[in-house]
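Enquirer: Provide a 3D model corresponding to the input given below.
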Amino acid sequence: MFKAVFVLLCVFVCTSATGQMSKIDFPMKNGKVFYEKAYKLSPALQKEELFKRALKWFKEDFLNTQKIKLSADKTTGKITGIGIFKIITANNGNYYLMRFKIDIQVNNGGYIFIATAFYEKPIETGISNEYSKIEYRWWDYRQGKPWSAEDTVLFNGIASDETALMTSLEDQMKM
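Expert: Sure thing, here's the model as predicted:
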């Protein structure tokens, strides 16, 4: 009887953990975290105006991130930069820096937002403070082998912050 209860308890715990992990969803392309969304705005909004708004968005503060413009080509309407999130994962001061590439392509009446090349850097005692591709950690997490107890908080933070970042750009572009 004890063995049956123990087995049922193990199945419940494993199912619960898997269920929690599956709630976090990252868009993937070719095995990489890849956020991409095309926005259709008013057809009256010209490329030049949207380009100015996107540049302004890069310069303005956004809660929990830094945005660094790397290049901006007014002729093509393409802006490239780097975003860096700080994701606090524990009350003991541990946090992660999440770095990623941002590409914005504006055109008349809309734009495309792409975020790729996600790298995480743990800032905590006893851990190497080097950037590494998030996909390694994400793969192990989805296989039920998280690297640390903070992984769920980290992945929820990435998904939440990236969604909020895209919303802040959309708000700027609609102004």
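Enquirer: ok, which stretches of the protein are strands?
Expert: Taking DSSP state E as the criterion, the chain carries its strands at 28-29, 32-33, 35-40, 65-73, 78-88, 95-107, 110-123, 132-133.
Enquirer: Could you say which of these is packed most deeply?
Expert: Ranked by mean neighbour count, the strands of the chain are led by strand 95-107 with a mean of 20 (mean count of other CB atoms under 10 Å). C-beta coordinates here come from the backbone N, C-alpha and C atoms, glycine included.
Enquirer: Output the contacting helices and strands for that one.
Expert: helix 47-59, strand 78-88, strand 110-123, helix 151-174 (3 or more CB pairs under 8 Å, 6 or more residues apart in numbering; DSSP states H and E).
Enquirer: got JSON lines for the strands of the chain, with mean pLDDT and distance to Lys47 too?
Expert: Listed next are these as JSON lines, based on pLDDT from 0 to 100; distance: least, CB to CB, whole Å:
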{"stretch": "strand 28-29", "mean pLDDT": "92", "distance to Lys47": "26"}
{"stretch": "strand 32-33", "mean pLDDT": "94", "distance to Lys47": "28"}
{"stretch": "strand 35-40", "mean pLDDT": "97", "distance to Lys47": "13"}
{"stretch": "strand 65-73", "mean pLDDT": "82", "distance to Lys47": "12"}
{"stretch": "strand 78-88", "mean pLDDT": "92", "distance to Lys47": "11"}
{"stretch": "strand 95-107", "mean pLDDT": "95", "distance to Lys47": "5"}
{"stretch": "strand 110-123", "mean pLDDT": "95", "distance to Lys47": "9"}
{"stretch": "strand 132-133", "mean pLDDT": "92", "distance to Lys47": "34"}
